[in-house]
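# Attaching a predicted model along with its sequence, questions to come.
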Amino acid sequence: MGLIRYSTVRLAGMLATVLVGCIVVFLVMKAAPGDPALSILGENAHPEAIAAFRHKYNLDAPVLIQLANWFVAALHGDLGQSLTIAGGRPITELIARRLPNTLFIGIFAILIAVAASLVIGTIAALNRGRLADTIATSMAVLGISMPDFWLSYMLVFAFALGLGWLPSYGFVSPLESLPGAFYSGLLPAAAIAAPMAAVFARTLRTALLGVAHQEYVTAARSFGFRPSFVFIHWVFRNALIPYVTVIGLQVRYILGGVVVIERIFGVPGIGSLMVDAGFARDYPVVQACTVVFLAIVLLVNFAVDLTCSALDPRRTR
Amino acid sequence: MNTALLRAIIRNRTAATGLAITALVLLAVTLGAALSPYSAVDMDFLNVLAPPSLAHPFGTDSFGRDVLTRVLFGGRVSLVVSISGVVLAALVGGMAGLFSAWHGGWVDAALMRVSDLVFSFPSFVLALLLMVVFGSSVINVAAAIALVYLPIFARLTRNMALLVKHEPYVEAARLMGQPVWRILFREILPNIAAPLLVQASIGIAFAVVIEAGLSFLGLGVQPPLPSLGVIMADGREYFQRGPWVLTLTGVFISIALLGLNLLGDGIRDLTDPRLRERIGS
């Protein structure tokens, strides 16, 4: 019962945050210096053309009415129309086509980072203070210190231009071909995953070392359980709580990385859409992308909260 | 920073390495940039895309400019932008956090909801949004970095201040009738300075990445002013013909960030061995 109540409260909080976030983003976009009508039609546009443009995109109403209109439409799944980059096309359609690519790259990156960090973090913790630990922790600090967009060029240099194993540019949508998506998404995902794997591995190492000295672990050992059994059932399970929490916190970082990486590898996703729209001053598209990013972060945080509650029932009491 | 902390940093291997690297990088972008015989902006078309050599350790770019000189000048720009952004965030966020912790009640609740909201946006997306709306300039990049770090400093300061708020020395100062600002800045702040310092050190490291990322996309610092991101964006254009420009600039950034990260890790290990994991960047 506790879990249901807890998740309802969290869900309500999440929806409220999305709501306020939408309002804030909307008002920030309205604060933009310059008139979208003038910047798109040109400074010398005919006044009637400007009036028609403003009317078409609902820019002639008071700001609060515009906000309300946008909101009602958004609730019906209509995020407005693109001004410049895909003139007049519904933004919802643009995003729906690109969202799977962004999600695929993001999830692929998380999977790589989780797999790598589980191995590295566990090895480091089990060999605390020994050579393997030193190598693992040094690699982790190094991983955090490399900008991901620079790393992507280094990966392209080695694996695409040098060895010729993987494509250097372009992405096959997972909806078209799943193996193709894995093949073309490996380099971008790896570039995003490297710094994350470093953060995850450090967290796991610290958490494992912290849990290993808890009284319940000593008690379990003194019952004579095999060390591997104690490790999996007590140490590892409890160390997963901070680990999962950090994965949730890092989602903000992953999505930020996705924006630059998508541009570098030519992945048609939400991040590259936002940058293209930014260059073209397509404000409604920028606004919609920002809101979508916010929604993804909040959804993931919600999922992380639920996972942590499942791992640690005390949370929901 | 007091001398005891400085002495402890020098004794701790991680912190000392970090401090040494950071000091070297700072020395390079200040003194080194001033001593360089080349200009960061003047072009030399007889010497275009020369690979690294003794005369040009980082080679030259497509305009024949010495890449090392550009990296040192650009590093200065990037560091000034990142440090100003993080310091601004630490000042404003720190004040808000102290006030929030001291006042409690609805002020605390409201400030923390606002900081939660800002914190829910992916940092790079938030910075990108501000660049698009308010235009690309050095000042705006610093402002975007400040906004990204505001909620982090506000929440960290608040949580730390709440921990010491009821310590006897704070109670004593309160009973002596000291003014609130004095209690906040003379009693509470010095006792929570270490985690803030750690956050600032790691924060500057990630701020350099934000600056470089924005400028790399062409939405941050604008050429001809060199910044690390501008130089890398430049190097990307002719990556196959002159890979050293992008590669070595990135190596320089990685070394600078390594120094800041090690320094942050070291101070954290020294001051709070329980808090070794790095959360949120």
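Nice, I can see it.

# what's around residue 25, how many residues?
Just going to use chain A. 21 (other CB atoms under 10 Å in any protein chain shown). C-beta coordinates here come from the backbone N, C-alpha and C atoms, glycine included.

# that's the wrong chain, I wanted chain B
B:Val25: 22 neighbours (other CB under 10 Å).

# Equivalent analysis for the one 10 residues further on, please.
As a burial measure, the neighbour count of B:Leu35 was computed by other CB under 10 Å and equals 10.

# just A:Phe159 next, same as before
17.

# From A:Pro188, how far off is it?
12 Å (CB to CB, to the nearest Å).

# residues touching B:Leu147, list them.
Shown in contact with B:Leu147 (CB atoms under 8 Å, 6 or more residues apart in numbering or on different chains): B:89, B:118, B:126-127, B:130.

# any idea whether it is helix, strand or coil?
helix (DSSP: H, G, I helix; E, B strand; the rest coil).

# Relative to chain B, which residue of the stretch 201-317 of chain A is the closest?
Nearest residue of the stretch 201-317 of chain A to chain B, counting by CB to the nearest CB: A:Gly256, 2.8 Å away.

# any chance you could map the helices in chain A?
Remark: helices assigned in chain A by DSSP state H are A:2-30, A:36-41, A:47-56, A:63-75, A:91-126, A:131-145, A:148-155, A:178-212, A:215-222, A:227-230, A:237-265, A:270-279, A:283-311.

# looking at these, which is closest to B:Ala172?
Among the helices of chain A, helix A:178-212 comes nearest to B:Ala172, with 33.9 Å by CB to CB.

# got the buried residues for the closest one?
A:181, A:184-212 (16 or more other CB atoms under 10 Å in any protein chain shown).

# and chain B, which of those residues contact it?
A:199, A:202-203, A:206-207, A:210 (CB under 8 Å from any CB of the partner chain).

# hang on, the earlier thing: now, of the contacts of B:Leu147, which are buried?
B:89, B:118, B:126-127, B:130.

# Any chance of CSV for these, columns pLDDT, secondary structure and distance to chain A?
Shown next, in CSV, are the buried ones among the contacts of B:Leu147 (pLDDT from 0 to 100; DSSP: H, G, I helix; E, B strand; the rest coil; distance: CB to the nearest CB, whole Å):
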residue, pLDDT, secondary structure, distance to chain A
B:Ala89, 94, helix, 16
B:Val118, 87, helix, 9
B:Leu126, 88, helix, 8
B:Ala127, 89, helix, 8
B:Leu130, 88, helix, 8
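
# what's the closest of those to A:His76?
Of all those, A:His76 sits closest to B:Leu126, with 26.9 Å by CB to CB.

# Could you verify my assumption that that closest one touches B:Ala144?
Yes - contact criterion CB atoms under 8 Å: B:Leu126 and B:Ala144 qualify, at 7.1 Å.

# State the pLDDT value of the most centrally placed residue in chain A.
In chain A, the centroid-proximal residue (CA atoms, centre = their mean) is A:Leu255; its distance is 3.1 Å. As predicted, A:Leu255 sits at a pLDDT of 86.

# mind checking how far it is from A:Gly106?
Taken as CB to CB, the span from A:Leu255 to A:Gly106 is 7 Å.

# How about A:Ala31?
30 Å.

# Between those two, tell me which one has more neighbours.
Neighbours were counted for A:Ala31 and for A:Gly106 using other CB under 10 Å; A:Gly106 has more, 22 against 10.

# Return the residues in contact with the more buried one.
A:Gly106 makes contacts with A:192, A:251, A:254-255, A:258, as judged by CB under 8 Å, 6+ apart.

# Pick out the most distant pair among those residues.
Across those, the longest distance by CB to CB is 11.3 Å; it joins A:Ile192 and A:Val251.

# hang on, the earlier thing: using JSON lines, lay out the helices of chain A together with distance to B:Tyr149.
JSON lines is the format used below for those (distance: least, CB to CB, whole Å):
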{"stretch": "helix A:2-30", "distance to B:Tyr149": "18"}
{"stretch": "helix A:36-41", "distance to B:Tyr149": "30"}
{"stretch": "helix A:47-56", "distance to B:Tyr149": "37"}
{"stretch": "helix A:63-75", "distance to B:Tyr149": "28"}
{"stretch": "helix A:91-126", "distance to B:Tyr149": "23"}
{"stretch": "helix A:131-145", "distance to B:Tyr149": "17"}
{"stretch": "helix A:148-155", "distance to B:Tyr149": "19"}
{"stretch": "helix A:178-212", "distance to B:Tyr149": "17"}
{"stretch": "helix A:215-222", "distance to B:Tyr149": "37"}
{"stretch": "helix A:227-230", "distance to B:Tyr149": "41"}
{"stretch": "helix A:237-265", "distance to B:Tyr149": "13"}
{"stretch": "helix A:270-279", "distance to B:Tyr149": "21"}
{"stretch": "helix A:283-311", "distance to B:Tyr149": "17"}
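
# Nearest approach to B:Leu27 belongs to which of those helices?
Here helix A:131-145 is closest among the helices of chain A (CB to CB), at 18.9 Å.

# For A:Pro242, state which of the ones next to chain B among the buried residues of helix A:178-212 is nearest.
Nearest to A:Pro242 among those, counting by CB to CB, is A:Ala207 at 4.5 Å.

# got the contact list for the closest one?
A:Ala207 makes contacts with A:238-243, B:277, as judged by CB under 8 Å, 6+ apart.

# pLDDT weak spots in the chain?
Unless you meant another one, I'm taking chain A. A:1, A:33-36, A:39-40, A:58, A:315-317 (pLDDT under 70).

# To clarify, I was referring to chain B.
Counting by pLDDT under 70, the ranges of chain B that qualify are B:1-2, B:272-281.

# Report all helices and strands that whichever strand or helix holds B:Ser100 contacts.
Assessed by DSSP states H and E, B:Ser100 sits inside helix B:67-103. The contact analysis (3 or more CB pairs under 8 Å, 6 or more residues apart in numbering or on different chains; DSSP states H and E) places helix B:67-103 against helix B:13-27, helix B:33-35, helix B:105-120, helix B:138-164, helix B:193-217, helix B:228-237, helix B:243-271.

# now do 6 Å
helix B:33-35, helix B:105-120, helix B:138-164, helix B:193-217, helix B:228-237, helix B:243-271 (3 or more CB pairs under 6 Å, 6 or more residues apart in numbering or on different chains; DSSP states H and E).

# List the buried residues in that helix.
B:67-79, B:81-90, B:92-102.

# which parts of the stretch 51-200 of chain B sit against chain A?
B:117, B:120-125, B:129, B:132-133 (CB under 6 Å from any CB of the partner chain).

# which among those residues gets closest to B:Tyr238?
Among those, and counting by CB to CB, the member closest to B:Tyr238 is B:Phe124, at 25.8 Å.

# where's that closest one, which helix or strand?
If you go by DSSP H and E, B:Phe124 is part of helix B:123-134.

# quick one: that helix to helix B:67-103, angle?
100 degrees (axes from the mean of the first three to the mean of the last three CA atoms, to 10 degrees).

# How about the residues of the stretch 201-317 of chain A by chain B?
So far as CB under 6 Å from any CB goes, the stretch 201-317 of chain A lies against chain B at A:203, A:206, A:246, A:249, A:252-253, A:255-256, A:259-260, A:275, A:278, A:286, A:290, A:293-294, A:297-298.

# How many residues are close by B:Arg7?
There are 9 residues near B:Arg7, going by other CB under 10 Å.
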